[in-house]
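> Fold the following for me, if possible:
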Amino acid sequence: MFMLKFILLTILFCTSTMIGVLISKRYSNRVKVLKELKKALNIFEVKINFSYETLPEIFKEISKKIHGTASRVFEDTVNIVNKENITVGEAWERSVELNGEELNNEDKDCIKTLGKLLGKTDIEGQLNQIKLVTEFLDSQINEADEEKSKNEKMYQKLGAIVGLIIVIVLI
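Numbering: from 1, shown residues only. Predicted coordinates for the structure are as follows:
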């Protein structure tokens, strides 16, 4: 009986600790995704400026060069355009919404604004919009880094402490 109780309490403690770790990972994931998106937008800016490829071709190429959520945003945009025959801008907004689980609403809204001008303005207008979104991403990355440094360790420790408290109460 004692062994079973010990095993269950250990599982409970480990589960609580893992929940804390998973919650803390959201903060580091947000920073990572924002940096990936910034890198992808820098590639996008260069491609628009110096190539004559269509937006879906550029997006497909970017999705192969980068990884993670940012890659899925660009890849899904192309897939949505091909399947539903809608504009690149509308597909971009949908793709950001589908793949932006690590981002907060402010991040998503800013990134979606890029879609409003994709394919609808000249190259200069699109480049200006990309620069604007990139500058916003810089400020969001700084904010996300601050949140990460404040909250990541707190949630890890909080998960362990809550698990320990539950174990002590149940003993």
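
> CA only for contacts and neighbour counts going forward, please
Fine.

> so where's this structure uncertain?
119 (pLDDT under 70).

> measure K5 to V169 for me?
Counting by CA to CA, to the nearest Å, the separation of K5 from V169 is 13 Å.

> Looking only at neighbour counts, state which of those two leads.
Neighbours per residue, other CA atoms under 10 Å: of K5 and V169, the larger number sits with K5, 12 against 8.

> wait, isn't S24 in contact with L158?
No. S24 is beyond contact range of L158, at 10.0 Å (criterion: CA atoms under 8 Å).

> Please identify which of those two sits among more neighbours.
Neighbour count, other CA under 10 Å: between S24 and L158, S24 has more, with 21 against 18.

> Quick check: phi and psi at the more buried one.
phi -70, psi -30 (degrees, to the nearest 10).

> OK, contacts around the residue nearest to it when sequence neighbours are not counted?
Counting by CA to CA, 6 or more residues apart in numbering, S24 lies nearest to E152, which is 4.5 Å off, once chain neighbours are set aside. Residues near E152 by CA atoms under 8 Å, 6 or more residues apart in numbering: 24-25, 27-28.

> name the element E152 belongs to?
Element membership for E152 (DSSP states H and E) is helix 123-170.
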